[in-house]
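**Q** give me a model of this one.
(one chain, ligands or ions: 1)
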Amino acid sequence: MTAAPLVLLEGIAKQFGTGETAVRALSDVNLAVGPGEVVGLKGPSGSGKSTLLNVIACIMAPSAGRLSLAGEPIWDERYLVRDLRRLRRERIGFIFQFHNLLPFLTARDNVALAMTLAGQPRAQARQRAQALLEELEVGRRADAMPARLSGGEAQRVAIARALANAPPIILADEPTAALDSERARVAMDLLRRVARERAAAVLVVTHDEKIFDRFDRMVALRDGRVEAEVLRSA
Ligand SMILES: Nc1ncnc2c1ncn2[C@@H]1O[C@H](COP(=O)(O)OP(=O)(O)OP(=O)(O)O)[C@@H](O)[C@H]1O
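**A** From the prediction side, this is the model:
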């Protein structure tokens, strides 16, 4: 990787609890993800994948190590950034396993809400939400409520929402779990395109072997440690 990493973890550890019942969920994790890179994170249940994603998303504080996002030091024994909510809103797009769209808002308003929460005027947010939905080829479903969307459509709307504030870092937790293999590949290709076009860093937790060939690199976790990294040609 030549460009400066957007996600940089150095010696990251995370421990839950203390004493005899302590669980070391992450130990000495070093990881760098650069602009345009799509990295997969795999490992057995309990190996620390979700914990790692939560640490990067600044949802969970590490116990040790250093974390930088988009070149800015974020954690070094303590958070170095005052407004973590703002940091999450501006730097990180999070895509959940089952899309987590708000059921009482249309597809368009689900996407627009992320922008109005970040301070954009409502009319402008709705306009941009529509444009994003078009870009993800689900624009004609903009007025639909989430319950009326197919699994693939809902996941596209969730991707649009994650992109709403043009974050440099996109994190996804099992984003293809609810999709059949064809739709899973389409969703991954979309994330690859987004990473390339926006020079974003994309990190995806997945068990889904059908999409392993869609990553530039797979990182394997075991017992909270990076067990192996497999390099692929992009
Ligand atoms: N809030 C918590 N309190 C205590 N232990 C926790 C907590 N969250 C996770 N753990 C423990 O940390 C370890 C790593 O969990 P984590 O959820 O990160 O694994 P995972 O690889 O995402 O698993 P899965 O594939 O099942 O989702 C496990 O031993 C888990 O039991």
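**Q** run through who's touching stretch 120-130.
**A** Under the contact criterion Cβ atoms under 8 Å, 6 or more residues apart in numbering, stretch 120-130 has outside partners 108, 109, 111, 112, 113, 115, 116, 139, 142, 160, 164. Glycine gets a C-beta too; all of them are placed from N, C-alpha and C.
**Q** chain neighbours aside, what residue packs nearest to the first one?
**A** For residue 108, ignoring the flanking residues on the chain, the nearest one in space by Cβ to Cβ, 6 or more residues apart in numbering is residue 142 at 4.1 Å.
**Q** which residues does residue 22 contact?
**A** Residue 22 touches 15, 16, counting by Cβ under 8 Å, 6+ apart.
**Q** state the distance from it to residue 13.
**A** 11 Å (Cβ to Cβ, to the nearest Å).
**Q** touching both of the two, which residues are there?
**A** Shared contacts of residue 22 and residue 13, defined by Cβ under 8 Å, 6+ apart, are absent.
**Q** returning to that earlier point: in helices, which of the contacts of stretch 120-130 appear?
**A** Mapping the contacts of stretch 120-130 onto helices (DSSP state H) picks out 108, 109, 111, 112, 113, 115, 116, 160.
**Q** ok, of those, which come out buried?
**A** 108, 109, 111, 112, 113, 115, 116, 160 (16 or more other Cβ atoms under 10 Å).
**Q** out of the residues you listed, who's nearest the ligand?
**A** Lowest distance from the ligand to those (Cβ to the nearest ligand atom) belongs to residue 160, with 25.1 Å.
**Q** hang on, the earlier thing: for the contacts of stretch 120-130, give me JSON lines that also has distance to residue 196 and pLDDT.
**A** Listed next are the contacts of stretch 120-130 as JSON lines, based on distance: Cβ to Cβ, whole Å; pLDDT from 0 to 100:
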{"residue": "108", "distance to residue 196": "26", "pLDDT": "97"}
{"residue": "109", "distance to residue 196": "29", "pLDDT": "97"}
{"residue": "111", "distance to residue 196": "21", "pLDDT": "96"}
{"residue": "112", "distance to residue 196": "26", "pLDDT": "97"}
{"residue": "113", "distance to residue 196": "27", "pLDDT": "94"}
{"residue": "115", "distance to residue 196": "23", "pLDDT": "93"}
{"residue": "116", "distance to residue 196": "28", "pLDDT": "93"}
{"residue": "139", "distance to residue 196": "21", "pLDDT": "94"}
{"residue": "142", "distance to residue 196": "25", "pLDDT": "97"}
{"residue": "160", "distance to residue 196": "17", "pLDDT": "90"}
{"residue": "164", "distance to residue 196": "19", "pLDDT": "89"}
